[in-house]
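Participant: Output the structure for:
(2 chains)
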There are 2 protein chains.
Amino acid sequence: MSGEIDPEAAARHKAKMAVRKRVQDAEVAEKTIEKGLLIVHTGPGKGKSTAAFGLALRMLGRGRDVAVVQFIKGAWDTGEQHALTQAFGDRVAWHAMGEGFTWETQDLVRDKAAANRAWETAKALMAEPRFGLVILDEINIALRYDYLDLAEVVAALAARRGDLHVVATGRNAKPDLVAAADLVTEMTAVKHHFAAGVKAQPGIEF
Amino acid sequence: MSGEIDPEAAARHKAKMAVRKRVQDAEVAEKTIEKGLLIVHTGPGKGKSTAAFGLALRMLGRGRDVAVVQFIKGAWDTGEQHALTQAFGDRVAWHAMGEGFTWETQDLVRDKAAANRAWETAKALMAEPRFGLVILDEINIALRYDYLDLAEVVAALAARRGDLHVVATGRNAKPDLVAAADLVTEMTAVKHHFAAGVKAQPGIEF
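Facilitator: Model prediction:
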(Lines give C-alpha, C1' and ligand atoms only; values in the text may rest on other atoms or scores of the structure.)
Protein backbone atom coordinates (compact mmCIF):
# COMPACT_ATOMS: atom_id res chain seq x y z
CA MET A 1 0.00 0.00 0.00
CA SER A 2 1.12 3.57 -0.63
CA GLY A 3 1.04 6.00 2.31
CA GLU A 4 -1.81 8.13 3.64
CA ILE A 5 -3.15 11.13 1.73
CA ASP A 6 -3.29 14.47 3.53
CA PRO A 7 -6.54 16.46 3.23
CA GLU A 8 -4.87 19.41 1.48
CA ALA A 9 -3.46 17.16 -1.25
CA ALA A 10 -6.91 15.61 -1.67
CA ALA A 11 -8.51 19.07 -2.03
CA ARG A 12 -5.90 20.18 -4.60
CA HIS A 13 -6.52 16.95 -6.53
CA LYS A 14 -10.27 17.56 -6.51
CA ALA A 15 -9.92 21.12 -7.82
CA LYS A 16 -7.51 20.04 -10.55
CA MET A 17 -9.75 17.18 -11.65
CA ALA A 18 -12.83 19.44 -11.73
CA VAL A 19 -11.00 21.68 -14.24
CA ARG A 20 -9.89 18.66 -16.21
CA LYS A 21 -13.44 17.33 -16.34
CA ARG A 22 -14.70 20.63 -17.85
CA VAL A 23 -11.99 20.49 -20.52
CA GLN A 24 -12.73 16.81 -21.19
CA ASP A 25 -16.50 17.31 -21.44
CA ALA A 26 -16.03 20.23 -23.84
CA GLU A 27 -13.75 18.10 -26.02
CA VAL A 28 -16.23 15.21 -26.09
CA ALA A 29 -19.09 17.61 -26.99
CA GLU A 30 -17.14 18.87 -30.01
CA LYS A 31 -16.94 15.39 -31.53
CA THR A 32 -20.18 14.69 -33.36
CA ILE A 33 -19.26 12.76 -36.50
CA GLU A 34 -20.16 9.07 -36.78
CA LYS A 35 -18.55 7.13 -39.62
CA GLY A 36 -16.95 3.89 -40.55
CA LEU A 37 -13.23 4.31 -39.97
CA LEU A 38 -10.32 3.24 -42.11
CA ILE A 39 -7.79 2.10 -39.50
CA VAL A 40 -4.13 1.22 -40.13
CA HIS A 41 -1.95 -0.73 -37.67
CA THR A 42 1.66 -0.53 -38.80
CA GLY A 43 5.21 -0.37 -37.46
CA PRO A 44 7.75 -3.02 -36.46
CA GLY A 45 6.35 -3.72 -32.96
CA LYS A 46 4.09 -6.56 -31.84
CA GLY A 47 0.37 -5.86 -31.52
CA LYS A 48 -0.79 -4.92 -35.03
CA SER A 49 -2.88 -8.04 -35.71
CA THR A 50 -3.73 -8.69 -32.04
CA ALA A 51 -5.17 -5.16 -31.71
CA ALA A 52 -7.28 -5.83 -34.82
CA PHE A 53 -8.59 -9.05 -33.25
CA GLY A 54 -9.31 -7.17 -30.03
CA LEU A 55 -11.45 -4.77 -32.09
CA ALA A 56 -13.20 -7.78 -33.63
CA LEU A 57 -14.14 -8.87 -30.12
CA ARG A 58 -15.43 -5.41 -29.26
CA MET A 59 -17.51 -5.27 -32.46
CA LEU A 60 -18.93 -8.76 -31.86
CA GLY A 61 -19.82 -7.68 -28.32
CA ARG A 62 -21.77 -4.79 -29.86
CA GLY A 63 -23.81 -7.19 -31.98
CA ARG A 64 -22.24 -6.72 -35.42
CA ASP A 65 -20.50 -9.42 -37.46
CA VAL A 66 -16.82 -9.42 -38.42
CA ALA A 67 -14.85 -10.64 -41.45
CA VAL A 68 -11.13 -11.40 -41.54
CA VAL A 69 -9.06 -11.82 -44.70
CA GLN A 70 -5.46 -12.85 -44.17
CA PHE A 71 -3.16 -11.89 -47.04
CA ILE A 72 0.01 -13.71 -45.91
CA LYS A 73 -1.02 -16.33 -43.39
CA GLY A 74 -2.29 -19.52 -44.96
CA ALA A 75 -4.49 -22.30 -43.72
CA TRP A 76 -2.41 -23.12 -40.64
CA ASP A 77 -4.27 -23.00 -37.37
CA THR A 78 -3.92 -19.99 -35.06
CA GLY A 79 -5.29 -19.47 -31.57
CA GLU A 80 -7.27 -16.38 -32.59
CA GLN A 81 -8.92 -18.11 -35.55
CA HIS A 82 -9.80 -21.11 -33.43
CA ALA A 83 -11.22 -18.97 -30.61
CA LEU A 84 -13.23 -16.57 -32.78
CA THR A 85 -14.73 -19.12 -35.15
CA GLN A 86 -15.51 -21.64 -32.38
CA ALA A 87 -17.07 -19.05 -30.09
CA PHE A 88 -18.98 -16.96 -32.63
CA GLY A 89 -19.77 -19.44 -35.40
CA ASP A 90 -20.90 -17.83 -38.65
CA ARG A 91 -20.88 -14.34 -37.12
CA VAL A 92 -17.16 -14.44 -37.99
CA ALA A 93 -16.12 -15.01 -41.62
CA TRP A 94 -12.47 -16.10 -41.64
CA HIS A 95 -10.47 -16.39 -44.87
CA ALA A 96 -6.78 -17.25 -44.46
CA MET A 97 -5.79 -16.85 -48.10
CA GLY A 98 -2.04 -16.33 -48.04
CA GLU A 99 0.53 -18.89 -49.09
CA GLY A 100 2.83 -18.19 -46.15
CA PHE A 101 5.80 -15.92 -45.83
CA THR A 102 7.50 -14.86 -49.04
CA TRP A 103 10.67 -16.68 -48.00
CA GLU A 104 8.70 -19.90 -47.59
CA THR A 105 6.95 -19.89 -50.96
CA GLN A 106 9.90 -18.36 -52.90
CA ASP A 107 7.41 -17.98 -55.73
CA LEU A 108 6.49 -14.45 -56.78
CA VAL A 109 3.82 -15.50 -59.29
CA ARG A 110 2.05 -17.68 -56.74
CA ASP A 111 2.27 -15.03 -53.97
CA LYS A 112 0.85 -12.39 -56.27
CA ALA A 113 -2.02 -14.60 -57.42
CA ALA A 114 -2.86 -15.50 -53.81
CA ALA A 115 -2.87 -11.84 -52.75
CA ASN A 116 -5.19 -10.91 -55.61
CA ARG A 117 -7.60 -13.74 -54.77
CA ALA A 118 -7.62 -12.49 -51.16
CA TRP A 119 -8.36 -8.96 -52.36
CA GLU A 120 -11.31 -10.14 -54.48
CA THR A 121 -12.68 -11.92 -51.39
CA ALA A 122 -12.15 -8.80 -49.29
CA LYS A 123 -14.14 -6.66 -51.74
CA ALA A 124 -17.02 -9.16 -51.70
CA LEU A 125 -17.05 -9.18 -47.88
CA MET A 126 -16.94 -5.37 -47.68
CA ALA A 127 -20.13 -5.32 -49.77
CA GLU A 128 -22.03 -7.54 -47.28
CA PRO A 129 -24.02 -5.22 -44.97
CA ARG A 130 -23.96 -7.64 -42.01
CA PHE A 131 -20.28 -6.92 -41.35
CA GLY A 132 -19.48 -3.98 -39.07
CA LEU A 133 -15.74 -4.60 -39.34
CA VAL A 134 -13.52 -6.13 -42.01
CA ILE A 135 -9.91 -6.91 -41.06
CA LEU A 136 -7.38 -6.98 -43.92
CA ASP A 137 -4.62 -8.75 -42.04
CA GLU A 138 -1.10 -8.17 -43.42
CA ILE A 139 -2.45 -6.41 -46.51
CA ASN A 140 0.35 -3.86 -46.02
CA ILE A 141 2.87 -6.61 -46.84
CA ALA A 142 1.02 -7.46 -50.05
CA LEU A 143 0.94 -3.76 -50.97
CA ARG A 144 4.58 -3.23 -50.11
CA TYR A 145 5.71 -5.95 -52.52
CA ASP A 146 3.31 -4.65 -55.19
CA TYR A 147 1.30 -7.87 -55.18
CA LEU A 148 -1.76 -5.62 -55.26
CA ASP A 149 -2.49 -2.41 -57.13
CA LEU A 150 -2.27 0.30 -54.45
CA ALA A 151 -4.45 2.82 -56.32
CA GLU A 152 -7.20 0.25 -56.79
CA VAL A 153 -7.12 -0.76 -53.13
CA VAL A 154 -7.25 2.85 -51.90
CA ALA A 155 -10.12 3.65 -54.31
CA ALA A 156 -12.15 0.59 -53.27
CA LEU A 157 -11.66 1.44 -49.58
CA ALA A 158 -12.75 5.04 -50.19
CA ALA A 159 -15.87 3.80 -52.03
CA ARG A 160 -16.98 1.38 -49.30
CA ARG A 161 -20.30 1.85 -47.49
CA GLY A 162 -20.23 4.67 -44.95
CA ASP A 163 -20.76 2.63 -41.79
CA LEU A 164 -18.11 -0.03 -42.44
CA HIS A 165 -14.97 -0.03 -40.29
CA VAL A 166 -11.88 -1.54 -41.93
CA VAL A 167 -8.53 -2.36 -40.31
CA ALA A 168 -5.45 -2.85 -42.50
CA THR A 169 -2.47 -4.39 -40.70
CA GLY A 170 1.21 -4.97 -41.45
CA ARG A 171 4.55 -3.22 -41.39
CA ASN A 172 5.52 -0.47 -43.80
CA ALA A 173 2.05 0.84 -44.60
CA LYS A 174 2.10 2.71 -47.90
CA PRO A 175 1.93 6.53 -47.56
CA ASP A 176 -1.17 6.67 -49.80
CA LEU A 177 -2.99 4.29 -47.47
CA VAL A 178 -1.91 6.29 -44.41
CA ALA A 179 -3.13 9.47 -46.13
CA ALA A 180 -6.54 7.88 -46.78
CA ALA A 181 -6.91 6.51 -43.23
CA ASP A 182 -8.84 8.02 -40.30
CA LEU A 183 -6.77 6.35 -37.58
CA VAL A 184 -3.17 5.21 -37.88
CA THR A 185 -1.27 3.61 -35.03
CA GLU A 186 2.39 2.71 -35.30
CA MET A 187 3.46 -0.14 -33.05
CA THR A 188 7.04 0.59 -31.98
CA ALA A 189 9.19 -2.20 -30.54
CA VAL A 190 10.76 -0.74 -27.39
CA LYS A 191 11.95 -4.19 -26.30
CA HIS A 192 11.34 -7.62 -27.83
CA HIS A 193 11.76 -11.03 -26.23
CA PHE A 194 12.98 -12.65 -29.48
CA ALA A 195 16.17 -10.61 -29.07
CA ALA A 196 16.66 -12.31 -25.68
CA GLY A 197 16.39 -15.79 -27.20
CA VAL A 198 12.77 -16.46 -26.29
CA LYS A 199 10.98 -18.54 -28.93
CA ALA A 200 7.51 -18.07 -30.41
CA GLN A 201 5.01 -19.53 -27.92
CA PRO A 202 1.38 -20.66 -28.22
CA GLY A 203 -1.10 -18.07 -27.01
CA ILE A 204 1.42 -15.26 -27.56
CA GLU A 205 2.69 -15.48 -31.15
CA PHE A 206 0.15 -17.88 -32.67
CA MET B 1 -4.49 -6.68 -60.92
CA SER B 2 -0.85 -5.69 -61.10
CA GLY B 3 1.02 -6.42 -64.34
CA GLU B 4 2.71 -9.60 -65.52
CA ILE B 5 5.94 -10.84 -63.92
CA ASP B 6 8.86 -11.58 -66.22
CA PRO B 7 10.70 -14.89 -65.67
CA GLU B 8 14.02 -13.21 -64.79
CA ALA B 9 12.39 -11.16 -62.03
CA ALA B 10 10.76 -14.34 -60.71
CA ALA B 11 14.13 -16.14 -60.66
CA ARG B 12 15.82 -13.22 -58.85
CA HIS B 13 13.00 -13.22 -56.32
CA LYS B 14 13.39 -16.97 -55.74
CA ALA B 15 17.15 -16.69 -55.14
CA LYS B 16 16.71 -13.76 -52.76
CA MET B 17 14.00 -15.52 -50.79
CA ALA B 18 16.07 -18.72 -50.51
CA VAL B 19 18.82 -16.67 -48.82
CA ARG B 20 16.27 -15.00 -46.61
CA LYS B 21 14.82 -18.36 -45.59
CA ARG B 22 18.27 -19.60 -44.48
CA VAL B 23 18.75 -16.47 -42.36
CA GLN B 24 15.24 -16.77 -40.95
CA ASP B 25 15.59 -20.48 -40.11
CA ALA B 26 18.92 -19.84 -38.37
CA GLU B 27 17.34 -17.05 -36.32
CA VAL B 28 14.39 -19.24 -35.29
CA ALA B 29 16.77 -22.09 -34.32
CA GLU B 30 18.66 -19.75 -31.96
CA LYS B 31 15.54 -19.02 -29.93
CA THR B 32 15.02 -21.84 -27.46
CA ILE B 33 13.76 -20.24 -24.24
CA GLU B 34 10.14 -20.77 -23.19
CA LYS B 35 8.83 -18.56 -20.40
CA GLY B 36 5.89 -16.56 -19.24
CA LEU B 37 6.38 -13.03 -20.56
CA LEU B 38 5.87 -9.72 -18.83
CA ILE B 39 4.40 -7.60 -21.62
CA VAL B 40 3.83 -3.83 -21.52
CA HIS B 41 1.59 -1.94 -23.97
CA THR B 42 2.15 1.78 -23.57
CA GLY B 43 2.25 5.02 -25.54
CA PRO B 44 -0.42 7.55 -26.52
CA GLY B 45 -1.81 5.64 -29.52
CA LYS B 46 -4.92 3.47 -29.72
CA GLY B 47 -4.48 -0.30 -29.47
CA LYS B 48 -2.96 -0.92 -26.01
CA SER B 49 -6.00 -2.61 -24.46
CA THR B 50 -7.34 -4.02 -27.73
CA ALA B 51 -4.01 -5.77 -28.40
CA ALA B 52 -4.20 -7.26 -24.89
CA PHE B 53 -7.72 -8.55 -25.62
CA GLY B 54 -6.48 -9.96 -28.93
CA LEU B 55 -3.87 -11.91 -26.95
CA ALA B 56 -6.63 -13.12 -24.63
CA LEU B 57 -8.38 -14.56 -27.66
CA ARG B 58 -5.21 -16.25 -28.85
CA MET B 59 -4.60 -17.76 -25.40
CA LEU B 60 -8.20 -18.97 -25.14
CA GLY B 61 -7.83 -20.54 -28.58
CA ARG B 62 -4.80 -22.43 -27.23
CA GLY B 63 -6.87 -23.86 -24.40
CA ARG B 64 -5.71 -21.78 -21.43
CA ASP B 65 -7.90 -19.51 -19.31
CA VAL B 66 -7.56 -15.73 -19.05
CA ALA B 67 -8.10 -13.18 -16.27
CA VAL B 68 -8.65 -9.45 -16.73
CA VAL B 69 -8.37 -6.85 -13.98
CA GLN B 70 -9.31 -3.31 -14.97
CA PHE B 71 -7.72 -0.63 -12.77
CA ILE B 72 -9.55 2.42 -14.12
CA LYS B 73 -12.63 1.19 -15.94
CA GLY B 74 -15.55 0.47 -13.64
CA ALA B 75 -18.61 -1.68 -13.96
CA TRP B 76 -19.88 -0.12 -17.19
CA ASP B 77 -20.45 -2.50 -20.03
CA THR B 78 -17.90 -2.79 -22.85
CA GLY B 79 -18.10 -4.78 -26.06
CA GLU B 80 -14.96 -6.78 -25.24
CA GLN B 81 -16.20 -7.77 -21.78
CA HIS B 82 -19.58 -8.74 -23.17
CA ALA B 83 -18.07 -10.79 -25.99
CA LEU B 84 -15.41 -12.60 -23.94
CA THR B 85 -17.56 -13.45 -20.94
CA GLN B 86 -20.58 -14.49 -23.06
CA ALA B 87 -18.54 -16.62 -25.42
CA PHE B 88 -16.11 -18.24 -22.98
CA GLY B 89 -18.07 -18.34 -19.72
CA ASP B 90 -15.96 -19.01 -16.65
CA ARG B 91 -12.81 -19.55 -18.73
CA VAL B 92 -12.57 -15.73 -18.55
CA ALA B 93 -12.43 -14.04 -15.12
CA TRP B 94 -13.32 -10.36 -15.58
CA HIS B 95 -12.90 -7.83 -12.77
CA ALA B 96 -13.64 -4.20 -13.70
CA MET B 97 -12.54 -2.63 -10.43
CA GLY B 98 -11.85 1.00 -11.25
CA GLU B 99 -14.03 3.93 -10.28
CA GLY B 100 -13.79 5.61 -13.67
CA PHE B 101 -11.46 8.31 -14.90
CA THR B 102 -9.72 10.44 -12.28
CA TRP B 103 -11.56 13.53 -13.56
CA GLU B 104 -14.90 11.78 -13.04
CA THR B 105 -14.36 10.63 -9.46
CA GLN B 106 -12.35 13.73 -8.38
CA ASP B 107 -11.59 11.75 -5.25
CA LEU B 108 -7.99 10.72 -4.66
CA VAL B 109 -8.70 8.61 -1.57
CA ARG B 110 -11.38 6.63 -3.35
CA ASP B 111 -9.29 6.16 -6.51
CA LYS B 112 -6.33 4.93 -4.48
CA ALA B 113 -8.43 2.49 -2.47
CA ALA B 114 -10.02 1.12 -5.65
CA ALA B 115 -6.61 0.63 -7.30
CA ASN B 116 -5.30 -1.25 -4.27
CA ARG B 117 -8.35 -3.52 -4.17
CA ALA B 118 -7.78 -4.25 -7.86
CA TRP B 119 -4.12 -5.07 -7.17
CA GLU B 120 -5.04 -7.51 -4.38
CA THR B 121 -7.42 -9.24 -6.81
CA ALA B 122 -4.71 -9.33 -9.49
CA LYS B 123 -2.27 -11.04 -7.11
CA ALA B 124 -4.87 -13.68 -6.20
CA LEU B 125 -5.60 -14.36 -9.89
CA MET B 126 -1.88 -14.59 -10.76
CA ALA B 127 -1.61 -17.37 -8.17
CA GLU B 128 -4.32 -19.48 -9.85
CA PRO B 129 -2.58 -22.02 -12.12
CA ARG B 130 -5.49 -22.27 -14.59
CA PHE B 131 -4.73 -18.83 -16.02
CA GLY B 132 -2.22 -18.67 -18.87
CA LEU B 133 -2.59 -14.90 -19.18
CA VAL B 134 -3.50 -12.15 -16.74
CA ILE B 135 -4.26 -8.70 -18.17
CA LEU B 136 -3.67 -5.72 -15.86
CA ASP B 137 -5.63 -3.17 -17.88
CA GLU B 138 -4.63 0.47 -17.29
CA ILE B 139 -2.40 -0.47 -14.34
CA ASN B 140 0.14 2.00 -15.77
CA ILE B 141 -2.28 4.83 -14.96
CA ALA B 142 -2.62 3.62 -11.36
CA LEU B 143 1.19 3.41 -11.10
CA ARG B 144 1.73 6.80 -12.69
CA TYR B 145 -0.46 8.53 -10.10
CA ASP B 146 1.19 6.53 -7.28
CA TYR B 147 -2.07 4.82 -6.38
CA LEU B 148 0.00 1.63 -6.14
CA ASP B 149 3.47 0.98 -4.74
CA LEU B 150 5.65 0.52 -7.83
CA ALA B 151 8.36 -1.51 -6.07
CA GLU B 152 5.79 -3.92 -4.67
CA VAL B 153 4.13 -4.38 -8.05
CA VAL B 154 7.44 -5.02 -9.83
CA ALA B 155 8.53 -7.49 -7.12
CA ALA B 156 5.24 -9.41 -7.24
CA LEU B 157 5.41 -9.62 -11.04
CA ALA B 158 9.01 -10.88 -10.87
CA ALA B 159 7.97 -13.53 -8.32
CA ARG B 160 5.04 -14.89 -10.34
CA ARG B 161 5.02 -18.51 -11.56
CA GLY B 162 7.31 -19.10 -14.53
CA ASP B 163 4.70 -19.99 -17.13
CA LEU B 164 2.35 -17.06 -16.53
CA HIS B 165 2.10 -14.35 -19.18
CA VAL B 166 1.08 -10.91 -17.90
CA VAL B 167 0.13 -7.83 -19.94
CA ALA B 168 0.21 -4.39 -18.31
CA THR B 169 -1.48 -1.64 -20.33
CA GLY B 170 -1.75 2.14 -20.17
CA ARG B 171 0.13 5.28 -21.12
CA ASN B 172 3.31 6.43 -19.44
CA ALA B 173 4.58 3.04 -18.25
CA LYS B 174 7.03 3.50 -15.39
CA PRO B 175 10.71 2.97 -16.35
CA ASP B 176 11.10 0.29 -13.63
CA LEU B 177 8.25 -1.69 -15.16
CA VAL B 178 9.71 -1.31 -18.65
CA ALA B 179 13.09 -2.48 -17.31
CA ALA B 180 11.48 -5.58 -15.79
CA ALA B 181 9.48 -6.46 -18.92
CA ASP B 182 10.31 -8.97 -21.67
CA LEU B 183 8.27 -7.27 -24.38
CA VAL B 184 7.39 -3.59 -24.56
CA THR B 185 5.38 -2.08 -27.39
CA GLU B 186 4.73 1.64 -27.64
CA MET B 187 1.58 2.52 -29.53
CA THR B 188 2.26 5.79 -31.34
CA ALA B 189 -0.64 7.88 -32.65
CA VAL B 190 0.30 8.77 -36.23
CA LYS B 191 -3.22 10.02 -36.93
CA HIS B 192 -6.33 9.97 -34.74
CA HIS B 193 -9.97 10.40 -35.79
CA PHE B 194 -10.90 12.28 -32.59
CA ALA B 195 -8.80 15.18 -33.91
CA ALA B 196 -11.08 15.21 -37.00
CA GLY B 197 -14.23 15.50 -34.87
CA VAL B 198 -15.23 11.84 -34.98
CA LYS B 199 -16.88 10.70 -31.76
CA ALA B 200 -16.33 7.50 -29.77
CA GLN B 201 -18.32 4.74 -31.47
CA PRO B 202 -19.57 1.32 -30.33
CA GLY B 203 -17.36 -1.53 -31.49
CA ILE B 204 -14.39 0.80 -31.90
CA GLU B 205 -13.88 2.68 -28.62
CA PHE B 206 -16.07 0.64 -26.28
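Participant: And the average pLDDT for stretch A:149-157 is what?
Facilitator: With pLDDT averaged residue by residue, stretch A:149-157 scores 98.
Participant: Any regions of chain A where pLDDT drops low?
Facilitator: Counting by pLDDT under 70, chain A contains low-confidence ranges at A:1-4.
Participant: For it, which residue occupies the most central location?
Facilitator: Residue closest to the average C-alpha location in chain A (CA atoms, centre = their mean): A:A52, at 3.1 Å.
Participant: can I assume A:V166 is in contact with A:M126?
Facilitator: Yes: here A:V166 reaches A:M126: they are 7.1 Å apart, a contact under CB atoms under 8 Å. No exception for glycine: its C-beta is placed from N, CA and C like everyone else's.
Participant: partner strands of the longest strand along chain A, parallel or antiparallel?
Facilitator: Among the segments of chain A that qualify as a strand by DSSP state E, the longest is strand A:183-191. In its sheet, strand A:183-191 lies beside strand A:38-42 (parallel), strand B:183-191 (antiparallel), with partners assigned from DSSP bridges.
Participant: do you know which of those lies nearest A:H82?
Facilitator: With distances scored as CB to CB, the stretch of the strands paired with strand A:183-191 nearest to A:H82 is strand A:38-42 (21.4 Å).
Participant: ok, residues contacting that closest one?
Facilitator: For strand A:38-42, contacts defined as CB atoms under 8 Å, 6 or more residues apart in numbering or on different chains pick out A:47-49, A:51-52, A:55, A:140, A:157, A:165-173, A:177-178, A:180-187, B:47, B:190.
Participant: Strands of chain A, start to end?
Facilitator: Under the criterion DSSP E, strands of chain A are mapped to A:38-42, A:65-70, A:92-96, A:131-137, A:165-169, A:183-191.
Participant: Would you mind listing the buried residues in the first one?
Facilitator: Of the residues in strand A:38-42, those with enough neighbours to count as buried (16 or more other CB atoms under 10 Å in any protein chain shown) are A:L38, A:I39, A:V40, A:H41, A:T42.
Participant: Looking at those residues, spot the one nearest chain B.
Facilitator: Proximity of the buried residues of strand A:38-42 to chain B, judged by CB to the nearest CB, is greatest for A:H41, which lies at 6.5 Å.
Participant: Around the closest residue to the closest one other than its chain neighbours, how many other residues sit close by?
Facilitator: Leaving out its chain neighbours, the residue that sits closest to A:H41 by CB to CB, 6 or more residues apart in numbering or on different chains is A:K48, at 3.9 Å. Using other CB atoms under 10 Å in any protein chain shown, A:K48 is surrounded by 29 other residues.
Participant: swap in A:D176?
Facilitator: By the other CB under 10 Å criterion, the neighbourhood of A:D176 contains 13 residues.
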